[in-house]
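1. coordinates only, sequence not included:
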């Protein structure tokens with residue numbers, strides 16, 4: 001498994017998203033198109049694990065959270081950046097999503113919930129904000145950001 005495979009899969013996801021609004025309907029579309037028990041979702045899951053072992057996923061760490069930007073906007077995923085974080089029973093830094101956030105929750109151990117949600121896709125609309133939180137275990141959270149936009153508030 002390789003970084004190129006990861007980038008290709010993220011390109012497929014970005015192409016499927018296209019110019020759809022970043023809203024609940026998009027989450028439903030992604031959960032149907034790239035279902036949590038489907039081949040693409042499982043391939044991304046495997047690539048997150050192998051990518052971390054190889055050092056191109058979650059290569060940084062701060063406050064008990066491992067993270068890293070794997071794809072920059074304008075790359076394989078078009079206008080989207082793709083970041084992967086690894087969190088275990090932790091609350092992350094508060095931030096705002098100017099263009100929204102489109103993410104995958106990939107459990108690693110236990111029964112982790114990311115912001116109360118389990119395995120699958122989620123969408124936070126433009127202008128939304130949160131303290132990203134994983135409770136009940138450990139998970140990768142992969143997220144696409146339109147134009148790579150994220151604003152950490154320091155709250």
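-> Perfect, I can see it now. As the structure is a computational prediction, the values presented were derived from the model and not from experiment. Residues are numbered from 1 along each chain as shown.
2. hmm, residue 45 is touching residue 108, no?
-> No: with contact defined as Cβ atoms under 8 Å, residue 45 does not reach residue 108; the gap is 9.2 Å. In this view, the C-beta of every residue, glycine as well, is placed from N, C-alpha and C.
3. just checking, what packs against the strand or helix carrying residue 9?
-> Taking DSSP states H and E as the criterion, residue 9 maps to helix 3-17. Counting contacts by 3 or more Cβ pairs under 8 Å, 6 or more residues apart in numbering; DSSP states H and E, helix 3-17 packs against helix 24-33, helix 39-54, strand 65-71, strand 80-91, strand 133-146.
4. before we move on, the earlier item: now for residue 45 and residue 108: what residues contact both?
-> Common contacts of residue 45 and residue 108, defined by Cβ atoms under 8 Å, 6 or more residues apart in numbering, comprise residue 140.
5. ok, now which ones touch residue 152?
-> Counting by Cβ under 8 Å, 6+ apart, residue 152 has contacts 93, 94, 95.
6. quick check: chain neighbours aside, which residue is closest to residue 122?
-> With Cβ to Cβ, 6 or more residues apart in numbering as the criterion, residue 122 has its nearest non-adjacent residue at 5.2 Å, and that residue is residue 103.
7. the helix or strand where that neighbour lies: which residues count as buried?
-> Per DSSP H and E: residue 103 is located in strand 101-114. Buried residues in strand 101-114, defined by neighbour count with 16 or more other Cβ atoms under 10 Å: 101, 102, 103, 104, 105, 106, 107, 108, 112, 113, 114.
8. now stretch 84-91
-> 84, 85, 86, 87, 88.
9. how far out from the middle of the chain is that stretch?
-> Offset of stretch 84-91 from its chain centre (Cα atoms, centre = their mean, to the nearest Å): 11 Å.
10. any idea of the mean pLDDT for that stretch?
-> Mean per-residue pLDDT for stretch 84-91: 97.
11. who's in contact with it?
-> Taking Cβ under 8 Å, 6+ apart as the rule, stretch 84-91 contacts 48, 51-52, 57-58, 63-68, 70, 92, 108-109, 112, 114, 131-143.
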